[in-house]
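> I'd like to go over a predicted model; first the sequence, then the structure.
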Amino acid sequence: MTPAFDGNEVVNPEVEGDAEVAFEGALRPKSLAEFVGQRKVRGQLQLLLDAAAMQDRTPDHILLAGPPGLGKTTLAMIVAHETGRPLRMTSGPAIQHAGDLAAVLSSLVPGEVLFIDEIHRMARSAEEMLYLAMEDFRIDIMVGKGAGATSIPLDLAPFTLVGATTRSGLLPNPLRDRFGFTAHLEFYETEELVRVLHRAAALLGVEIEEESLREIASRSRGTPRIANRLLRRVRDFALVAGTDATLSAVRAALELYDVDELGLDRLDRAVMTTILQRFDGGPVGLSTLAVSVGEEAETIEAVVEPFLVRIGLISRTPRGRIATKAGWAHFGLERDSAALFGDDL
Ligand SMILES: Nc1ncnc2c1ncn2[C@@H]1O[C@H](COP(=O)(O)OP(=O)(O)OP(=O)(O)O)[C@@H](O)[C@H]1O
């Protein structure tokens, strides 16, 4: 279900209207050479694809792990494009029974790239079927029930599985072990996002100055998807205001959309102020935090936390999340004096 538009869709990777999806599709790089950043992963992937091509076989299965919007779907598409094979896309939540997976696997053509997004959310029974499929390109189809049940082996066409997950820790070891290569995607540096934005601005025909691109990049939570969306919001802002996309237009647009100088959005700030004020800096457990801000624990863990940890505003401890010195400072608070500020920062 697509949540209602609340003016914050620009920085919430969970919200995707049709226009946003079409926009993303148009901006996706088609080859590894066009893919910005993630230098190490690109090199590793290139080697894997080249070796498979030299031996005329399907590339090993690939697991892509990392927060939303860093390019997992894009990389899956690139694997298909670079190998010249068709791509089949599905997602963990769509595979609720082993039969759902059997239907997909049995219809793959030789060499096809199968992309399973959110692979950690697949049904357990399907996971077990996938082990055999990944290893031996074979599945066992169960026919009948109870004492009369028999399993019929079915050979599959060789395929490359590309799995994507925001929570690789949730994948069972037997599944994780069957991937020949796991790529951990990292948040992007500002300079890399500037390159992503240059490319997007050229493709969208947006005229924008270098310093404006840099400002957008530095406030994009290290995430290309967010950078591209902010660019679109800035373009809209400049269009409606009848100005160029100058630095001051960028700042005004980002202020309008509640994106602060570090790129924190409304949910990031809600999490931070809850830790700082309601729990006096923590430690606070994930589920308590999720209830307090009215958001799913999974969203907090996969979307909000990785970035707050990366920029050093919180740290994760066995007892829960705690605000760091920098976290207190960013909100103009100090631990001892925090209690004086009440709940409405
Ligand atoms: N390295 C990159 N260079 C240029 N553009 C990128 C790069 N990575 C991602 N993008 C752009 O960011 C957008 C989001 O990327 P993508 O959908 O691949 O992310 P994702 O990791 O699959 O996210 P999710 O897990 O939420 O599906 C796309 O429009 C894509 O063009």
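Arrived safely, thanks for sending. Computed from a predicted structure; not experimentally measured.

> Now do the strands in the stretch 51-200 of the chain.
Applying DSSP state E, counting those that start in this stretch to the stretch 51-200 of the chain gives strands spanning 62-65, 87-91, 113-117, 138-143, 150-155, 160-165, 181-184.

> looking at those strands, which is buried most?
Among the strands of the stretch 51-200 of the chain, ranked by average contacts under mean count of other C-beta atoms under 10 Å, first place goes to strand 160-165 (a mean of 26). Every residue, glycine included, has its C-beta placed from N, CA and C.

> what packs against that one?
Helices and strands touching strand 160-165, by 3 or more C-beta pairs under 8 Å, 6 or more residues apart in numbering; DSSP states H and E, are strand 62-65, helix 72-83, strand 113-117.

> Mind listing residues that contact it?
58-65, 72-73, 75-76, 79, 83, 85, 111-120, 130, 134, 171, 179 (C-beta atoms under 8 Å, 6 or more residues apart in numbering).

> next one: stretch 36-45
For stretch 36-45, the external contacting residues (C-beta under 8 Å, 6+ apart) are 29, 32, 35, 62, 70-71, 75, 79, 181, 183-186, 188-189, 192, 195-196, 199, 224.

> now do stretch 90-110
With C-beta under 8 Å, 6+ apart, stretch 90-110 has contacts from 58, 86, 88, 114-123, 125-126, 128-130, 133, 139, 141-142, 154, 156-159.

> can you narrow those to ones near the ligand?
residue 117 (C-beta under 6 Å from any ligand atom).

> From the ligand, how far off is the nearest residue to residue 212 once chain neighbours are set aside?
Computed as C-beta to C-beta, 6 or more residues apart in numbering, the closest residue to residue 212 that is not its neighbour in sequence is residue 250, at 4.7 Å. Distance, residue 250 to the ligand, by C-beta to the nearest ligand atom, to the nearest Å: 19 Å.

> Share the number of residues neighbouring residue 250, please.
When neighbours are counted by other C-beta atoms under 10 Å, residue 250 registers 25.

> contacting residues for it?
Going by C-beta under 8 Å, 6+ apart, residue 250 touches 212, 215-216, 234.

> Find the pair from those residues with maximum spatial separation.
Maximum pairwise distance in the contacts of residue 250, criterion C-beta to C-beta, is 9.0 Å, between 215 and 234.

> Compare neighbour counts for the two and give me the winner.
Counting neighbours by other C-beta under 10 Å for residue 215 and for residue 234 shows that residue 234 has the greater number, 28 against 24.

> Would you agree residue 312 is in contact with residue 326?
Yes. Between residue 312 and residue 326 there is a contact under C-beta atoms under 8 Å: 4.9 Å.

> in the stretch 201-345 of the chain, which spans are helices?
210-218, 224-241, 247-256, 266-273, 286-293, 297-299, 305-310, 325-330 (DSSP state H, counting those that start in this stretch).

> mind giving me JSON lines with the ones you listed and columns for mean pLDDT and distance to residue 319?
Output for the helices of the stretch 201-345 of the chain, formatted as JSON lines (pLDDT from 0 to 100; distance: least, C-beta to C-beta, whole Å):
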{"stretch": "helix 210-218", "mean pLDDT": "97", "distance to residue 319": "33"}
{"stretch": "helix 224-241", "mean pLDDT": "95", "distance to residue 319": "31"}
{"stretch": "helix 247-256", "mean pLDDT": "95", "distance to residue 319": "35"}
{"stretch": "helix 266-273", "mean pLDDT": "95", "distance to residue 319": "17"}
{"stretch": "helix 286-293", "mean pLDDT": "94", "distance to residue 319": "11"}
{"stretch": "helix 297-299", "mean pLDDT": "92", "distance to residue 319": "17"}
{"stretch": "helix 305-310", "mean pLDDT": "95", "distance to residue 319": "15"}
{"stretch": "helix 325-330", "mean pLDDT": "94", "distance to residue 319": "16"}
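
> Tabulate these (CSV), appending distance to residue 98.
Output for these, formatted as CSV (distance: least, C-beta to C-beta, whole Å):
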stretch, distance to residue 98
helix 210-218, 44
helix 224-241, 32
helix 247-256, 47
helix 266-273, 36
helix 286-293, 30
helix 297-299, 24
helix 305-310, 32
helix 325-330, 45
